[in-house]
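>>> Any chance you can model this:
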Amino acid sequence: MEQMKTHIKSNINDPVFTIGVASKMLSVSPETLRMYEREGLLISYRTRTGRRMYSHEDLDWILCIRNQIKHKKLNLAGIKRLLSLLPCWEISPCDSNKHFECNAFLINDKVCWQLDNTPCRSKKLDCYKCPVYRMAPKIDNLKMELDISLRKS
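Reported below is the predicted structural model:
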C-alpha cells in the first residue's frame with residue numbers, strides 16, 4: 001500500500017507557538033514575553049479566546065530584543081528609543097499632507113504601533129502584520145535596511 005504524503009504548508013509569519021512553547025524554545029519565562037508586550041516592543045497574535053501565539057518571525061524578533069539587552073547593553077527604554085527612529089511614513093508610505101496630523105511622525109520617543117492617533121489606527125490596520133513592525137528585527141542594520149545616509153537631508 002502506497003503511503004499518503006501530507007504536506008503541511010507553513011509560513012514564517014503564521015503564529016503557531018503558544019507562549020509556553022515559545023518561552024521554552026527561547027529560554028525565557030512567559031512573564032518576560034508578557035513584559036515585552038506590555039512595554040510595547042512585542043505584539044503577540046491573539047486567538048479568539050485571547051491566547052497569545054507566536055510565529056517563527058516573532059521568535060526572531062524576541063531573540064533580537066534579547067541580543068540588544070545582553071550584547072548591546074541596551075535596556076528596554078533604549079530599545080524603544082531605537083525603534084522610535086523607524087520612519088514608518090517611509091516604510092509604509094502615507095500621504096505627506098497627513099504627517100503633521102500623525103503622532104508617529106510628530107512624537108519621537110515611541111514607535112508607531114505604540115501610539116493611538118495615527119492614520120493606520122484610524123484605518124483599523126493590523127499592527128501585527130504591518131511592514132513597520134515586521135522591520136523591527138532589523139534594527140541592528142537599520143541604516144542599511146532603509147538606505148539612510150547622513151548625506152541625505
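>>> which SSE is residue 108 in?
Per DSSP states H and E, residue 108 falls between elements, in no helix or strand.
>>> which residues touch it?
Residue 108 makes contacts with 84-85, as judged by C-beta atoms under 8 Å, 6 or more residues apart in numbering. Any C-beta I mention is one placed from the backbone N, CA and C, and that applies to glycine too.
>>> now the one 3 residues further on
For residue 111, the residues meeting the contact criterion (C-beta under 8 Å, 6+ apart) are 40, 80, 83-84, 86, 88, 104, 132, 136.
>>> out of those, which are inside helices?
80, 83-84, 88, 104, 132 (DSSP state H).
>>> State the distance from residue 72 to residue 137.
14 Å (C-beta to C-beta, to the nearest Å).
>>> got the residue ranges for the helices in this protein?
In the chain, the helices defined using DSSP H lie at 19-26, 30-38, 56-70, 76-84, 88-91, 103-106, 119-122, 131-135, 142-146.
>>> neighbours around residue 68, how many?
20 (other C-beta atoms under 10 Å).
>>> tell me the phi and psi of the closest residue to it other than its chain neighbours?
Using C-beta to C-beta, 6 or more residues apart in numbering and skipping residues adjacent in sequence, the residue nearest residue 68 is residue 74, 4.5 Å away. When read as degrees, to the nearest 10, the backbone of residue 74 gives phi -90, psi 150.
>>> what about residue 74, how many neighbours?
A count of nearby residues for residue 74, using other C-beta under 10 Å, gives 17.
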